[in-house]
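Visitor: sequence first, then the predicted structure:
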Amino acid sequence: MTSLANRLSGLALIAGAVLLATAIVQLSFKPVVNQLFPASVNWLLLIGSILLLLALPALYTRQAQASGWLGLAGYALLQAGIVLLVVIAAPPLMYPALIAPSGENVLAFGLGIALTLGLLLTGLATYRAGVYPRAAGALLLAAMAVFFFDFFVAEYLPPIAGQIGNAGFGVLLALGLAWVGGALFAT
């Protein structure tokens with residue numbers, strides 16, 4: 001039964017990573033500053049984030065003993081950080097008459113910090129534990145660095161910096177999570 005759960009979680013992790021990367025890269029080609037995202041992007045973000053939220057427990061459980069408290073803290077923060085994507089994507093889908101984006105707020109900022117720290121700690125735990133390929137942990141760390149730049153710094157730079165940052169974050173995150181998902185599927 002554990003093998004089946006790992007395989008299904010691996011597939012969910014891969015699918016969620018691909019959907020998330022597709023949405024993020026789509027946003028990079030046509031930036032939407034102070035506008036609502038297109039409905040297709042919101043659906044991709046929502047479904048991708050739900051798949052990640054369902055699959056991340058298996059990612060953590062398989063390396064829990066080897067990663068210790070670092071892995072647990074990273075897992076908890078990463079789960080909370082993924083909720084940021086749900087918070088961003090769900091309102092326009094639930095309320096189609098919504099015409100204004102939510103803008104900056106304390107909730108989004110806090111969840112952005114949780115996502116940053118979750119990627120940092122999960123990347124470190126994955127790299128250190130050696131249960132999954134260490135390069136996947138390095139990709140999660142790289143995704144964290146690009147997300148930090150994009151979320152906290154790029155808004156003060158020309159728009160192209162944010163577009164490149166978005167695309168880089170989406171691709172690095174997808175590669176890291178899909179690699180872990182593939183390793184989880186293979187168990």
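Guide: Nice, I can see it.
Visitor: what residue ranges in the chain score low on pLDDT?
Guide: Applying pLDDT under 70 to the chain flags residues 1, 31-35, 99-103.
Visitor: excluding chain neighbours, give the residue nearest to residue 175 in space.
Guide: residue 139 (5.1 Å; C-beta to C-beta, 6 or more residues apart in numbering). To be clear about C-beta, it is placed using only N, CA and C from the backbone, and glycine gets the same treatment.
Visitor: residue closest to the middle of the chain?
Guide: Closest to where the C-alpha atoms of the chain average out (C-alpha atoms, centre = their mean) is residue 82, at 5.7 Å.
Visitor: for that residue, what are its contacts?
Guide: Counting by C-beta atoms under 8 Å, 6 or more residues apart in numbering, residue 82 touches 49, 52-53, 56, 115, 118.
Visitor: which one of those is nearest to residue 26?
Guide: Nearest to residue 26 among the contacts of residue 82: residue 49, at 15.1 Å, using C-beta to C-beta.
Visitor: neighbours of the closest one, how many?
Guide: Using other C-beta atoms under 10 Å as the criterion, residue 49 is surrounded by 24 other residues.
Visitor: next: residue 156.
Guide: Counted with other C-beta under 10 Å, residues neighbouring residue 156 total 8.
Visitor: repeat for residue 29
Guide: When neighbours are defined as other C-beta under 10 Å, residue 29 has 9 of them.
Visitor: residues touching it, list them.
Guide: Taking C-beta under 8 Å, 6+ apart as the definition of contact, the neighbours of residue 29 are residue 163.
Visitor: wait, residue 179 sits on residue 137?
Guide: No: applying C-beta atoms under 8 Å as the test, residue 179 and residue 137 come out as separate, 9.3 Å apart.
Visitor: residue contacts, residue 92?
Guide: The contact partners of residue 92, taken as C-beta under 8 Å, 6+ apart, are 36-37, 39, 42, 98.
Visitor: got the residues you listed as TSV, with secondary structure columns?
Guide: Output for those, formatted as TSV (DSSP: H, G, I helix; E, B strand; the rest coil):
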residue	secondary structure
36	coil
37	coil
39	helix
42	helix
98	coil
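Visitor: would you list the buried entries among those residues?
Guide: 36-37, 42 (16 or more other C-beta atoms under 10 Å).
Visitor: residue 179 and residue 137 - which one has more neighbours?
Guide: Comparing residue 179 with residue 137 by neighbour count (other C-beta under 10 Å), the higher total belongs to residue 137, at 25 against 21.
Visitor: and for the strand or helix carrying the more buried one, what are the contacting residues?
Guide: Of the helices and strands defined by DSSP states H and E, residue 137 is found in helix 134-148. Contact with helix 134-148 is made by 115-116, 119-120, 122-128, 165, 168-169, 172-173, 175-177, 179-180, 183, as judged by C-beta under 8 Å, 6+ apart.
Visitor: and it, how far from the chain's centre?
Guide: How far helix 134-148 lies from its chain's middle: 11 Å, per C-alpha atoms, centre = their mean, to the nearest Å.
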